[in-house]
Structures are given as C-alpha cells and as structure tokens.
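*Asks:* can you look at this prediction? I've put the sequence above it.
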Amino acid sequence: MRTRRFEWGGAGPTAAAIRAWVAESAEPVDVAPIEREVIELGDQAVLDLTARLDAPDAPPKTLVVEPEQAAAALAGLAPELREALDAAAANVRAVAELQRGDPSREVELPQDQTVTVREVPLGAAGIYAPGGRAAYPSSVLMCAIPAQVAGIERIALASPPGADGKLHPLVLAAAALCGIEEIYAMGGAQAIFALAHGTATIASVDLIAGPGNAWVREAKRRVYGTVGIDSLAGPSELMVFAGEDTDPEWAALDLCAQAEHGADSPLVLVAVEEQLLEAVAAATEAAAAARPSVADAPFALIAVPEPGDAADLANAFAPEHLQLFERDAARLAERITTAGCVFAGRYGATAFGDYVAGSNHVLPTGGAGRFSGPLGPAAFRRRIATVEIPAAAAAELAPRMDALARAEGFPVHGESGMIRR
C-alpha cells in the first residue's frame, strides 16, 4: 500500500486533494494513435495490437471467437462454479427487470395536440469484459443482462485474449450463459475503437458499455459522440467509513479486495475516532503485505470531526464504492448522493456487489458519480417523441410560434406555421 495521511480541510478541499494525489501516479494515456491505426487499417490493426499487447507468444489469426467455444466452456465448468455463475446471473437479471418499467406516456395539451414519448432499445451494443490481471465473467453478466432486459437484439462482446491467444474459458462460459454469439478476442483501446468505428469483420455498434483500465476509459471518452457510452468506468475505487460497528480485520479485507484490481485503484479510509483509523490502517497494511494478489494501491487516511462530515466527504469525492461500517448505516446512506453504489452495514462487503448481490458493478469512477450512476437497462434505451397536431390546434398555435420565430430571426419558421391556419 502507498499510504498517505490527509488532514481534514472540509469536504470539498479534502476530496480534491485526494484526487490530485491519486492522479500524480497515474500513467499518462494517449489513445489517439491507436484510434488512427484502427480507422486506417481496421482488422489488421486490431490483430497487430492484440498480438503486441495481449498475446505476443501466440498471435491470434482472427478476432472472431465462435459460439461453440463458449458453449464448450460453459459445459466444462465445475458444478460449484456453474451454480455460482447461475446465481449471479439470476440476481443481476432480477434487479435489471425491476428497472425496466415502461415509461411510455401520452400527454394531451390544452390546444388538443398530443405528444407521445416512448422508449425503444438501441440497435446494437458492444460490451467490454476486461482481462489482464484476471478474467471477468462477472462483467459479461453485468453488461449483457441489462442490455438483454432493455431489448437489445445484437450484443457484441470484446475481451482481451491471454498470452495463448485465446479468451479465458470463464469469459466464454459467461457469454454462453447469456446467449451471446458475437464474440471477439481483442482488448484495450483498440477494441473500443473497433466497436465504435467498425472494421471489415466487426460491424459498428450504437453504444459501448463495460469497465476497463485507463486506456479503455480514455478510448470510450474519445468515441463518445460517434457512439454512446455507459459511463467513464475506469479503475476500481473504494471509500470505507469506519464507524462504531467496525471490525478492523473485516474492513482491512474489504479494502484489500478492491486493491486486487490493480495499483491504480484508490482506497480511502475515513473515521471519526483516531484510534480506530489507525487500527484499520494497520490491519489493512498487514493484510496487503501477506497477500500477493493485492497491488500497491494508493491508500488515503482521513480523520473527520463527525459522521456527517464523512457523508459530506463521500459526496464531494464521489467514490465508485462506499462502505458504511455504522450501526445506523441505512440512515447515513440516505445522505449519500454521488457514490456509484453504497454498501450499508457491516455485512455488506463491496465484493458481494462485484459478483452476486444483484447490483451492477459497472459504476462511475474518477468522480463521475456526480453525473452518472450504475449501469442498467436505461443505458441501452433511448426516448423518442411523436407529435400530433390537428388542424384546430395548428391554427391556435401558429401565431404564437410565428411571433417567437420572428423574434429569433427565423421568419420562415413562422411562415411554415402560419400557412396551416
């Protein structure tokens, strides 16, 4: 752990200081050359980049992964692993279904014109399941199931192959479980650009969803506008408030669990009691030192005057995950407005949300929780309005529209209404 103590200077300044410290060690990322290469050379660029960055020892000859490979991977899972994957998928689907409520509605206005607003699914979605340090079948479930609940007919999955040039069997198994048949062995920024711009092999999509490293996040930022994106979901984050219901060992393992995602996953520990802050920090550093899978993540410590100040700090920092070790955690959780997901109570480990709780683990990071939230079916749908104006309504509305249009300098707008009187 790279531990640093921050002095309390108010919620906003303290949150800004932590973000600035985390950014200091972030790898500079420039994805523009990769985008140009993918646009100019298409499949060959993606294959070359995949060979160089993901599978140098076994360069893949094709990006396409046949559905039969995924079906075989699912059939080959150990029974306990298949049961776990089924349980996770069922819970994610149940939560996604609850979010699908039909928002379509028709409004009749005083002049007898009607405006109908309805929702329709997007045509195609690209989903990204990360690779590198680990396989992420859970990310396949978290992205594919809400897209299916939203009514998406075409789902294209991209995931980086391992050194052997093949996708991890668990990723393939999750794809088969979700019924995904369009699968590509490609990762990183090049995968995002291929999905956004299309290649000879890959048809472009309408929206790209899924978590990833800084390169994936910056590529998503760059293609936004060409396609939609779910959010800027980058390296994992966790803020823990150690309150009166804290077991230092439990809190330490929760923090270390998120540090397994990599050295760019910031951890923040907040407490009112100085003694408790030090106890959890010491337990975390000891647990990290004893576990090789825990990366050298930045670990910020802050003592706040009151529990309410911890809530204010969380709202200013907008963490991806927030854990509340507090006996009255549900009440404190009501004050949180920007965290991607809040885990209230001592039994609510963030890791449950990563896998089987049913909540989605594709969450806004880097402070993006101020303007976006968890991935759900709504990300894969768009609203469309239909306006019906009968003759009498047109006659009544036209003079008003004409007056406004001429005031804005668009007289022909006014004429197009007045001719209908």
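*Replies:* Sure thing, it's come through.
*Asks:* state the number of residues packed around R19.
*Replies:* 16 (other Cβ atoms under 10 Å). The C-beta positions use only the backbone N, C-alpha and C, and glycine is treated the same way.
*Asks:* need the nearest residue in space to it, chain neighbours excluded.
*Replies:* Nearest residue to R19, sequence neighbours excluded (Cβ to Cβ, 6 or more residues apart in numbering): G367, at 6.4 Å.
*Asks:* quick check on that neighbour: phi, psi?
*Replies:* Backbone torsions of G367, given as degrees, to the nearest 10, read phi 90, psi 0.
*Asks:* now the one 3 residues further on
*Replies:* Here is the backbone geometry of R370 (degrees, to the nearest 10): phi -70, psi -20.
*Asks:* A318 is in contact with that one, correct?
*Replies:* Yes. R370 lies in contact with A318 (Cβ atoms under 8 Å); the separation is 5.0 Å.
*Asks:* which one's more surrounded, these two?
*Replies:* A318 (25 against 12).
*Asks:* got the contact list for the more buried one?
*Replies:* By Cβ atoms under 8 Å, 6 or more residues apart in numbering, A318 lies in contact with A15, T338, A339, G340, P364, G367, A368, G369, R370.
*Asks:* cool, and A290?
*Replies:* A290 neighbours (Cβ under 8 Å, 6+ apart): none.
*Asks:* which residue packs closest to A71, ignoring adjacent ones?
*Replies:* What sits nearest to A71 in space, not counting adjacent residues and going by Cβ to Cβ, 6+ apart, is A176, at 4.8 Å.
*Asks:* tell me the secondary structure at the one you found.
*Replies:* Classification of A176 using DSSP: H, G, I helix; E, B strand; the rest coil returns helix.
*Asks:* just the pLDDT for it.
*Replies:* Listed pLDDT for A176 reads 97.
*Asks:* near it, how many other residues are there?
*Replies:* A176 is flanked by 22 other residues according to other Cβ under 10 Å.
*Asks:* how close does it get to L170?
*Replies:* Distance, A176 to L170, using Cβ to Cβ, to the nearest Å: 11 Å.
*Asks:* what is in contact with these two at once?
*Replies:* A73.
*Asks:* need the helices for the stretch 101-250 of the chain, in chain order.
*Replies:* Secondary structure of the stretch 101-250 of the chain, counting by DSSP state H, counting those that start in this stretch: helices at 137-150, 169-178, 188-197, 214-223, 248-259.
*Asks:* repeat that for the stretch 251-400 of the chain.
*Replies:* Taking DSSP H, counting those that start in this stretch as the criterion, the stretch 251-400 of the chain contains helices spanning 274-289, 307-317, 329-333, 350-355, 391-407.
*Asks:* among these, which is the most enclosed?
*Replies:* Of all the helices of the stretch 251-400 of the chain, helix 307-317 carries the top mean neighbour count, a mean of 22, counting by mean count of other Cβ atoms under 10 Å.
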